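**Q** Sharing a model prediction with you, sequence too.
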Amino acid sequence: LEKWLQLTTIQHRCFAAAGSRCWKCSSLEVKNTFFCASCGTIRETSKDEDFFELLKVKQEFKIDSSTLVQNYRHIQSMIHPDKFAQKSEQEKTLALEWSSLINKAYRTLSKSIDRGKYMLALKGVSISEENTSVDKEFLLDMMDVNESVEDAHSADELQQLGSQLSVDIEALNSKLIHLFETDDVDGAKETIIRLKYMLNVENTIKEKLLQLNLKS
């Protein structure tokens, strides 16, 4: 009985490490792969797929954009729904699900703020729309910048404000690299909230510049 229990425990651990079973041939699957190693059939998606592992990039805030794009395109070329036009309905559905998931993973990792939020989520930390707890001094600074944007009536004024904001945004992104490297979750969370404020103002500037261009 003891040997049987040991064997069962080992089998359970192997199953957990490998993942689920292939829907077609019932072989054990390895997570973060797209096809069954035994029968070559496209596998089912899982709710806990890791975006970094799916796109074969290191789980770091500072990401190699060229590698990310290259891996994304390569993966999409393998699992694009058009490649499964002659396959079963199940395989067509799975190809669509994978394509959608890979697109979502790419969008998330491509943008610094979404990448930061995702990295926090992997650590069990979330930032809701209502979660805007930052110091009052920063909020007052943002109010001043917003007022300057509202009062700006020329492209030159808006571009000058946008240039300064870009410098501040880049500084926050650089800070986030260090915060994630040192596993400072609280610091990363606060910095991402600040980044969110700045990106909102930057979008306002871009929209106002677009309106000025349309009028001219």
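**A** Cool, got the structure. Numbers count the residues shown, from 1 in each chain.

**Q** which secondary structure elements does the top helix by length along the chain contact?
**A** Determined from DSSP state H, the single longest helix within the chain is helix 185-215. Judged by 3 or more Cβ pairs under 8 Å, 6 or more residues apart in numbering; DSSP states H and E, the packing partners of helix 185-215 are helix 112-122, helix 136-151, helix 155-181. Yep, even glycine has a C-beta here, placed from its N, CA and C like the rest.

**Q** Ignoring the adjacent residues along the chain, who's closest to the residue most central in space within the chain?
**A** Closest to where the C-alpha atoms of the chain average out (Cα atoms, centre = their mean) is T108, at 2.4 Å. Leaving aside its chain neighbours, T108 sits nearest to D114 (4.7 Å; criterion: Cβ to Cβ, 6 or more residues apart in numbering).

**Q** Neighbours of that neighbour, how many?
**A** By other Cβ atoms under 10 Å, the residues close to D114 number 14.

**Q** Just name the shakiest helix or strand of this protein by mean pLDDT.
**A** helix 2-18 (a mean of 36; mean pLDDT, DSSP states H and E).

**Q** could you point out which element follows that helix?
**A** helix 51-54 (DSSP states H and E).

**Q** Who are the packing partners of that next one?
**A** Helix 51-54 packs on helix 89-110, going by 3+ Cβ pairs under 8 Å, 6+ apart.

**Q** and the angle from the helix it packs on to helix 112-122?
**A** 110 degrees (axes from the mean of the first three to the mean of the last three Cα atoms, to 10 degrees).

**Q** What are the buried residues along helix 89-110?
**A** The neighbour-count check on helix 89-110 (16 or more other Cβ atoms under 10 Å) flags 91, 94-95, 98-99, 101-102, 105-106, 108-109 as buried.
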